[in-house]
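**Student:** The following comprises the amino acid sequence and a computationally predicted model.
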Amino acid sequence: MMRTPEAALYLGCAPATLSKWRCVGGGPRFVKLGPRIVAYHVEDLNVWLASHGTKRNTADAPSAA
């Protein structure tokens, strides 16, 4: 398991991005290990990357607008 800073590094995003995804959805599955500790199973990070990480062309990628 990885805590938020390690998981963010693994995914190539900021820890704040993972925090936002936990609130609004859209990120990888996570586990709460107490009131302040959040962790991610490596398998869940890999599943999320496989479904969100790679694109075939720019039309597959979501727009910034």
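**Tutor:** All right, it came through fine. Numbering: from 1, shown residues only.
**Student:** burial of the residue lying closest to Gly27 once chain neighbours are set aside, as a residue count?
**Tutor:** Once its chain neighbours are removed from consideration, Gly27 has its nearest residue in Trp21; the separation is 2.7 Å (C-beta to C-beta, 6 or more residues apart in numbering). In short, each C-beta sits where N, CA and C put it, glycine included. Burial of Trp21, expressed as a neighbour count using other C-beta atoms under 10 Å, amounts to 16.
**Student:** again with Tyr40
**Tutor:** The burial metric for Tyr40, expressed as a neighbour count using other C-beta under 10 Å, is 23.
**Student:** for Ala59, same thing?
**Tutor:** Ala59 has 7 neighbours, counted by other C-beta under 10 Å.
**Student:** Which residues are in contact with the residue lying closest to Pro15 once chain neighbours are set aside?
**Tutor:** For Pro15, the nearest residue in space outside its immediate sequence neighbours is Ala8; the separation is 4.4 Å by C-beta to C-beta, 6+ apart. Taking C-beta atoms under 8 Å, 6 or more residues apart in numbering as the contact definition, Ala8 lies against Ala14, Pro15, Thr17, Leu18.
**Student:** By mean pLDDT, flag the weakest helix or strand of this protein.
**Tutor:** Least confident helix or strand of the chain, by mean pLDDT, DSSP states H and E, is helix 42-52 with a mean of 93.
**Student:** buried ones in that helix?
**Tutor:** Burial within helix 42-52, assessed by neighbour count using 16 or more other C-beta atoms under 10 Å, is assigned to Asp44, Leu45, Trp48.
**Student:** how about JSON lines for the residues you listed, with distance to Lys32 added?
**Tutor:** Conversion of these to JSON lines gives the following (distance: C-beta to C-beta, whole Å):
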{"residue": "Asp44", "distance to Lys32": "14"}
{"residue": "Leu45", "distance to Lys32": "16"}
{"residue": "Trp48", "distance to Lys32": "17"}
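**Student:** Format the contacts of Ala8 as a markdown table; extra columns: distance to Val38.
**Tutor:** Rendered in a markdown table, the data for the contacts of Ala8 read as follows (distance: C-beta to C-beta, whole Å):
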| residue | distance to Val38 |
| --- | --- |
| Ala14 | 14 |
| Pro15 | 10 |
| Thr17 | 13 |
| Leu18 | 8 |
